[in-house]
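>>> kindly generate the corresponding structure for this input.
(4 chains)
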Number of protein chains: 2
Amino acid sequence: MGVTKTEHYTDKQNSNAILIRALAHPARIAIIEYLIKVDSCICSDIVGELPLSQPTVSQHLKELKTAGIIKGNIEGNSICYCLDEKVMGKLIAYFTSISNQLEKKKNSCC
Amino acid sequence: MGVTKTEHYTDKQNSNAILIRALAHPARIAIIEYLIKVDSCICSDIVGELPLSQPTVSQHLKELKTAGIIKGNIEGNSICYCLDEKVMGKLIAYFTSISNQLEKKKNSCC
DNA sequence: TTTCTTTATCGTAATATTGCAATATAAAGA
DNA sequence: TCTTTATATTGCAATATTACGATAAAGAAA
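As a prediction, this is how the structure comes out:
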């Protein structure tokens, strides 16, 4: 097989999995950290920041874009990428809610 | 190819990627949500909760355990799994710090 | 127009992930 | 002991991911 059985999980679980998966690679973590640091940038900057070839960076950017985490605006003949704060906010909200739930029930079994 | 070039990223980026990757599947998200809900449980409960076979669930549990997100204690002839709140805390702290950084710089380009 | 710059896509190789049947292991209970 | 119950491991097939060279596409600059 090798194909996730998404139809058996809730929509929330699937959509959170998509967002989380988009960040499940150090290169993509590095990209969003860089985007936060510089607060917008053009693609060639990111290629220069990462230890990867231009096609590979382009592929990682596409994955982040497909997940909705980043947006890209054409600017002359280059592209300005930046975070979609609304989507990032959803992911952050999910972890915040987990955090709140863990606060409530302090002493677990193990 | 096909192998992540971990040596070029920071330790933080790599360790966060490992934690994030452990949650990058709806089954594993469902597992940790269940663990939070019941606050400890035995493995067979988890198998009953998920639309997956026992070996597959066992494999997902192993991945969560390898990443450090859950702990398993032998209890008679069954195993009690629960969250490692310290490790979960690291992940939550990472997203909290991103959230704080985003708060500071409100207006991005796109 | 021609050339340069920037980004995306294609094709492909190497490796990783997902899932399950079959089987192994190990403690509990008869 | 033998059997049952609970979990892990093995082996395998299907699919997905990671990476890059080659190339395409499209605007900028000459």
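>>> longest helix in chain A, by residue count?
helix A:85-104 (DSSP state H).
>>> what lies in contact with that helix?
A:16, A:19-20, A:23, A:32, A:67-69, B:32, B:36, B:83, B:85, B:88-89, B:91-92, B:95-96, B:98-99, B:102, B:108 (CB atoms under 8 Å, 6 or more residues apart in numbering or on different chains). (Each C-beta comes from the backbone N, C-alpha and C, glycine too.)
>>> same check, this time on stretch A:56-64
A:22, A:25, A:27-28, A:31-32, A:43, A:46-47, A:50, A:52, A:70, A:72, A:81.
>>> how does it look with 7 Å?
Stretch A:56-64 is contacted from outside by A:22, A:27-28, A:31, A:43, A:46-47, A:50, A:70, A:81, using CB atoms under 7 Å, 6 or more residues apart in numbering or on different chains.
>>> got the residues of chain A near chain B?
A:4-6, A:8-9, A:13-14, A:16-17, A:20-21, A:23-26, A:29-30, A:36, A:39-40, A:51, A:71, A:73, A:80, A:82-83, A:85, A:88, A:91-92, A:95, A:98-99, A:101-102, A:105, A:108-110 (CB under 7 Å from any CB of the partner chain).
>>> just for chain A, where's the confidence low?
A:1-2, A:106-110 (pLDDT under 70).
>>> can you give me the helices in it?
A:11-22, A:26-38, A:43-49, A:54-67, A:85-104.
>>> please identify the deepest-packed of those helices.
Among those, the stretch with the highest mean neighbour count (mean count of other CB atoms under 10 Å in any protein chain shown) is helix A:26-38, at a mean of 20.
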